[in-house]
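J.: dropping a prediction and its sequence here:
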Amino acid sequence: MISIAEAISIVKENGKPLLQSTIKKVEKAGGYELFEDIFSPINMPPFRQSAMDGYALNLHENLSYNLIGEIKAGDGHALKLKQGDAVRIFTGAPVPDSADAVMMQEKVTVNSDTITISHQIKTELNIRPLGEQVKTGNIALKKGTKLTPAAIGYLLSLGITEVSVFKKPNIGIVTTGNELIAPGEDLAYGKIYESNSKMLLSALYNLKFYDVTLYKVEDDYTKTIETLDTALNDNDLVLITGGISVGDYDFVGKALIELKVEELFYKVKQKPGKPLFFGKKNETKVFALPGNPAAALSCFYIYVYITLQQFMNREVLELPRVKVTSTSTFEKRGDRPQFLKGIYNNGKVEILDGQNSSMLQTFAVANALVFAPAELTTIKIGTELEVILLPN
């Protein structure tokens, strides 16, 4: 059994980025990072564009202008203005090359086919110039840019429909246990509803990892080997829940040995999540998580999260940790460091009731894991602690 620090160090030492690309439709590329620079195929805006509703003017010394027409957004015609001419124009509409500026409508008096402006204005006022955002052939977004909703909108505004992005890992989630049935089925005596797979799936989706396959296997040695073999061959990361302990019907450990998965560590001095396994086969990483749901999710945030960030070549590998003071009391049993569910707010943390590793009710409202080191047996109000902030 190794320490938490040793386990985290081993996870970090054995991770590396995928550095592979895949093509995504722009509207489905949110959360991905660009694999290469994106060059703009057009000027944006693609024409001189009015920044507001008003009047486009061919400037002269007089404050009065001849009104010769109107240009709406989307109009494809270009009126020719002589000196002293004006056209009614609307936000987003193309400004004729013969117009020098746009006067906002609030500062214009209209009288039939003439207008009077309130004061002289500078050239190019209220006109968005051709290519103001980006010019044809220039870099629109750099390699590595994370595609936020704004970035998606920007690329679509340039007419770009597909992008090359860094591939995210294929992830397999394997659940084991004869006692597990799907939610919605009749709950027969001795059965429980299976939640770990969808819980981990949700955690992955929340982190923008979408290429996930779910596998279910009964407590059968041969079937466990077959299912794990498929998962190992088809994925970059395999998460297994349950079956890693040493009971008569816990076949995961034996199957991993049979499949020649290299053990990097097994069992960590921590609570919850002592029976945690980490290994690899070729380039595929394997975490066998405890079957208890709160323990599985705790291990996900502390260890699996690191590997996910490494796949994406990110510099920050762990969730944020901050120093806080406790607003609660807690008596810690045993000599293992413990991760407690808590609610963090403004430099303080409330340690919640119901810390059993089989219980998710407390975890459901927690936003932090409170680290209680081995030597700390009693937490008092005002005790200084370190917390891990969970993803929202």
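T.: Done, it's in.
J.: per-residue pLDDT, Gly243?
T.: The model reports Gly243 with a pLDDT of 66.
J.: enumerate every residue touching the residue nearest to Thr378 when sequence neighbours are not counted.
T.: Excluding its sequence neighbours, the residue lying closest to Thr378 (C-beta to C-beta, 6 or more residues apart in numbering) is Glu331, at 5.9 Å. Quick note: C-beta positions are derived from backbone N, CA and C, even for glycine. By C-beta atoms under 8 Å, 6 or more residues apart in numbering, Glu331 lies in contact with Thr377, Thr378, Ile379.
J.: what pairs with whichever strand or helix holds Val322, parallel or antiparallel?
T.: Using DSSP states H and E, the element containing Val322 is strand 321-326. Sheet partners assigned to strand 321-326 using DSSP bridges are listed as strand 348-351 (parallel), strand 384-389 (antiparallel).
J.: just the CA atoms of the last one, as PDB, please.
T.: Yep, that's strand 384-389 we're talking about. Extracted in PDB, the C-alpha atoms of strand 384-389 (Å, rounded to 0.1, in the frame of the first residue of the first chain):
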ATOM      1  CA  GLU A 384      -7.000  25.100   9.000                       C
ATOM      2  CA  LEU A 385      -7.500  22.600   6.200                       C
ATOM      3  CA  GLU A 386      -6.800  22.100   2.500                       C
ATOM      4  CA  VAL A 387      -9.700  21.500   0.100                       C
ATOM      5  CA  ILE A 388      -9.900  20.300  -3.500                       C
ATOM      6  CA  LEU A 389     -12.400  22.400  -5.400                       C
END
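J.: list the buried residues for the strand holding Val322?
T.: Val324, Ser326 (16 or more other C-beta atoms under 10 Å).
J.: shaky segments in the stretch 51-200 of the chain?
T.: Residue ranges of the stretch 51-200 of the chain with pLDDT under 70: 178-179, 181, 193.
J.: what ranges does it have for its helices?
T.: Using DSSP state H, counting those that start in this stretch, the helices found in the stretch 51-200 of the chain span residues 149-157, 196-206.
J.: quick one: closest of those to Tyr215.
T.: helix 196-206 (8.4 Å; C-beta to C-beta).
J.: the closest one: what's the following helix or strand?
T.: Using DSSP H and E, the helix or strand that follows helix 196-206 in sequence is strand 212-217.
J.: quick one: contacts of the following helix or strand past that next one?
T.: Where DSSP H and E defines the elements, the next helix or strand beyond strand 212-217 is helix 221-234. Contacts with helix 221-234, where a contact means C-beta under 8 Å, 6+ apart, come from 170, 172, 174, 176, 213, 215, 217, 238, 240, 243, 251-252, 254-256, 258-259, 261, 281, 284, 286.
J.: so for helix 221-234, what gets flagged as buried?
T.: Thr224, Ile225, Thr227, Leu228, Thr230, Ala231, Leu232.
J.: next: stretch 333-350.
T.: Arg336, Pro337, Gln338, Phe339, Leu340, Lys341, Gly342, Ile343, Tyr344, Lys348, Val349, Glu350.
J.: alpha carbons of it, as PDB, please.
T.: In PDB, the C-alpha atoms belonging to stretch 333-350 read as follows (Å, rounded to 0.1, in the frame of the first residue of the first chain):
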ATOM      1  CA  ARG A 333     -11.200   7.400  12.700                       C
ATOM      2  CA  GLY A 334      -8.200   5.200  11.800                       C
ATOM      3  CA  ASP A 335      -4.800   6.200  10.600                       C
ATOM      4  CA  ARG A 336      -5.500   6.800   6.900                       C
ATOM      5  CA  PRO A 337      -5.700  10.300   5.400                       C
ATOM      6  CA  GLN A 338      -9.200  11.000   4.500                       C
ATOM      7  CA  PHE A 339     -11.100  13.000   1.800                       C
ATOM      8  CA  LEU A 340     -14.300  14.400   3.200                       C
ATOM      9  CA  LYS A 341     -17.200  15.900   1.300                       C
ATOM     10  CA  GLY A 342     -17.700  19.500   2.100                       C
ATOM     11  CA  ILE A 343     -19.200  22.800   1.000                       C
ATOM     12  CA  TYR A 344     -16.600  25.500   0.400                       C
ATOM     13  CA  ASN A 345     -17.500  29.200   0.500                       C
ATOM     14  CA  ASN A 346     -15.300  32.300   0.700                       C
ATOM     15  CA  GLY A 347     -12.400  30.700   2.500                       C
ATOM     16  CA  LYS A 348     -14.400  28.500   4.800                       C
ATOM     17  CA  VAL A 349     -15.600  24.900   4.500                       C
ATOM     18  CA  GLU A 350     -18.500  23.000   6.100                       C
END
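J.: who touches it?
T.: 4, 269-274, 294, 298, 302, 322, 324-328, 330, 332, 351-352, 354-355, 362-363, 365-374, 385, 387-389.
J.: next: stretch 201-210.
T.: By C-beta under 8 Å, 6+ apart, stretch 201-210 touches 30-32, 168-169, 171, 173, 212, 214, 297, 300-301, 305, 308, 391.
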